[in-house]
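> everything below, folded, please.
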Amino acid sequence: MQSDAANDFGLIVQSRPHICGRIYRRCLKPSIQNVAQPLNEAVFGTVEVSVLRVCFDRGPPKRATVTTCCSFAAPLLRIANEQSFGFCLAGKTGGGKTTATLIGSSVGGAGQIDQLLTWNATLAGLEPALRSHNDCLMVVDDLNKMPVASEKEKYRSTNNFAHNLGTGSTKRRSPAFDEGSDNGEQYRVISLTSAETTIAELAAKCGEQRGGDARRLIDVPIYLDGLDHIFDRVPNAGQLGQSELQQLFSAVYTACAKDHGEIFAQYIRFLIRSRAELRNKIIRHVNRFRANAAGRADGIVYADIIRKFGIVYAGGALAIEGVDLPWKRAELLDAIAKCCDTALDTLSTEQRTLEAGWKLLKARLMSLPRASTIERSEYDSMEGYVEPERGRYRCIVKTDKFNRVFVNALQRKLVLDELARRNWITRSRSNEKQGQFIWPDGVRRRSLEINWARRMSSA
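Numbering: from 1, shown residues only. Prediction:
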């Protein structure tokens, strides 16, 4: 009997029991008895906790909806022929980023914050965790705990993790060094992490633009509707004080610790019972989500991210059907769609970044005084000056003042490249010191010469 069940389980997740041991033991071992209970109790604890009832009677916070559904979506990846991916929940400290990831983890795994994996590890150290979370949700708490010396190193490590996540297999090593059966083993996981800023903002600080990693580890701003916490569905959410927020957090922590993992075995059994039509169900749910977001799919990266959120939606929809997840499907679609929209909004293209930086520079140059109006003794305190010439405005700006015009290093780099492409910028002259110009008061200052065309073009 157990052998048949094991074969059924293999049809669903195609995983070796030693890799997905926790689910294997929960679902297949005859001695384990799982008492069916409503998901609002199984995942979020007893409904007698009145403050928790207030939080979740109308459905959980939208970000918690996503993290919860990630646990239900993870076993679907291989069936849907989808590669591993992850989400980075971004927002200021104290509003519930870690709480949202804990809610997702509690569906099938750890129910306490101190049991979550953290970024206080090397990428090699996290590799075994990817294997052991095959077909499951893997939470790695707080990107800011990464032991790195600089923002650039943090971004590179995050970028490498995103690419490792997308490869779907551990690094294959020579048998002389690693004879283990899991050398080069494949996996499919959904990963959740959190940070104070989006990875896109981290990349921009380093003067870089996110590439393919943007659709492998997807930025999701954590707070909605101008709130600074995750409890967006609580009545008068914008008026909650610190004491009320602490009560809400405490109730969630208690619930997650009490009942974590109880519902996941039931869900896996439902997938096994539904194996004949499961693929078609997933496709139908994903297509419904994609149709709802059709207006945003204006590029390969956008379409890829929408499809991944569609998988998350499918996980939630199947949980509604299979284990009585106490949400309405329309509410689920709305919550996942809003999270998807905010994620897509973080995909600032280079052109949009350039246009914003171009406007900032134009406004700053237009505010510079004309050289003819400046006293010789005033130049030292000036940011720069402008000299109207035929067909152009010759603008001289101190280098440090120019650098501060822009939001981040990436925006500055894109504007400098555009100025150079138009041949509007002179960084130094052969008869002067590198990067310095002689100002009208006879003093050399580190500065840039920008020859802005009189017809002020846009980028």
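> where does pLDDT dip in the stretch 101-250 of the chain?
Scanning the stretch 101-250 of the chain with the threshold set as pLDDT under 70 gives 168-185.
> which stretches in it count as strands?
117-118, 137-141, 190-195, 217-221 (DSSP state E, counting those that start in this stretch).
> show me which positions of stretch 142-161 end up buried.
For stretch 142-161, a neighbour-count test (16 or more other CB atoms under 10 Å) marks Asp142, Leu143, Met146, Lys152, Lys154, Tyr155, Ser157, Thr158, Asn159, Phe161 as buried. Where C-beta positions appear, they are placed from N, C-alpha and C, glycine not excepted.
> before we move on, back to that, to Leu102, which of the strands of the stretch 101-250 of the chain lies closest?
strand 137-141 (7.5 Å; CB to CB).
> so the closest one versus strand 190-195, what angle?
20 degrees (axes from the mean of the first three to the mean of the last three CA atoms, to 10 degrees).
> tell me the helices and strands packed up against strand 137-141.
For strand 137-141, the packing partners by 3 or more CB pairs under 8 Å, 6 or more residues apart in numbering; DSSP states H and E come out as helix 97-108, strand 117-118, helix 123-132, strand 190-195.
> work out the sheet partners of it and label each with its direction, please.
Strands that pair with strand 137-141, judged by DSSP bridges, come out as strand 117-118 (parallel), strand 190-195 (parallel).
> tabulate these (a markdown table), appending distance to Val234 and mean neighbour count.
Compiled in a markdown table, these are given as follows (distance: least, CB to CB, whole Å; neighbours: other CB atoms under 10 Å):
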| stretch | distance to Val234 | mean neighbour count |
| --- | --- | --- |
| strand 117-118 | 29 | 18 |
| strand 190-195 | 21 | 26 |
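> tabulate those strands (a markdown table), appending distance to Ala255.
Below are these laid out as a markdown table (distance: least, CB to CB, whole Å):
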| stretch | distance to Ala255 |
| --- | --- |
| strand 117-118 | 21 |
| strand 190-195 | 18 |
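> right, so of those strands, which gets closest to Ala204?
strand 190-195 (13.7 Å).
> just how off-centre is the closest one within its chain?
7 Å (CA atoms, centre = their mean, to the nearest Å).
> equivalent analysis for stretch 306-316, please.
On CA atoms, centre = their mean, the centre of stretch 306-316 falls 15 Å from that of its chain.
> could I get the helices and strands packed on strand 137-141 in JSON lines, plus columns for distance to Tyr253?
What follows is these, written out as JSON lines (distance: least, CB to CB, whole Å):
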{"stretch": "helix 97-108", "distance to Tyr253": "7"}
{"stretch": "strand 117-118", "distance to Tyr253": "17"}
{"stretch": "helix 123-132", "distance to Tyr253": "23"}
{"stretch": "strand 190-195", "distance to Tyr253": "16"}
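> kindly list the longest helix within the protein.
helix 300-323 (DSSP state H).
> by how many degrees do that helix and strand 190-195 diverge?
110 degrees.
> okay, buried residues for whichever helix or strand comes after helix 300-323 please.
Per DSSP states H and E, helix 300-323 leads on to helix 329-345 as the next helix or strand towards the C-terminus. By 16+ other CB under 10 Å, the buried positions in helix 329-345 come out as Glu331, Leu332, Leu333, Ala335, Ile336, Ala337, Lys338, Cys339, Cys340, Thr342, Ala343, Leu344.
> touching, Phe72 and Val107? I think so.
Yes: between Phe72 and Val107 there is a contact under CB atoms under 8 Å: 6.9 Å.
> quick one: which of the strands paired with strand 137-141 is nearest Phe85?
So among those, strand 190-195 is nearest, using CB to CB, at 6.4 Å.
> only C-alpha atoms, please: export that closest one in CSV.
Extracted C-alpha coordinates of strand 190-195, given in CSV (Å, rounded to 0.1, in the frame of the first residue of the first chain):
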residue,chain,number,x,y,z
ILE,A,190,10.0,28.9,-4.7
SER,A,191,12.1,31.1,-2.5
LEU,A,192,11.1,34.0,-0.3
THR,A,193,13.4,36.6,1.2
SER,A,194,13.1,40.2,2.5
ALA,A,195,15.1,43.4,2.4
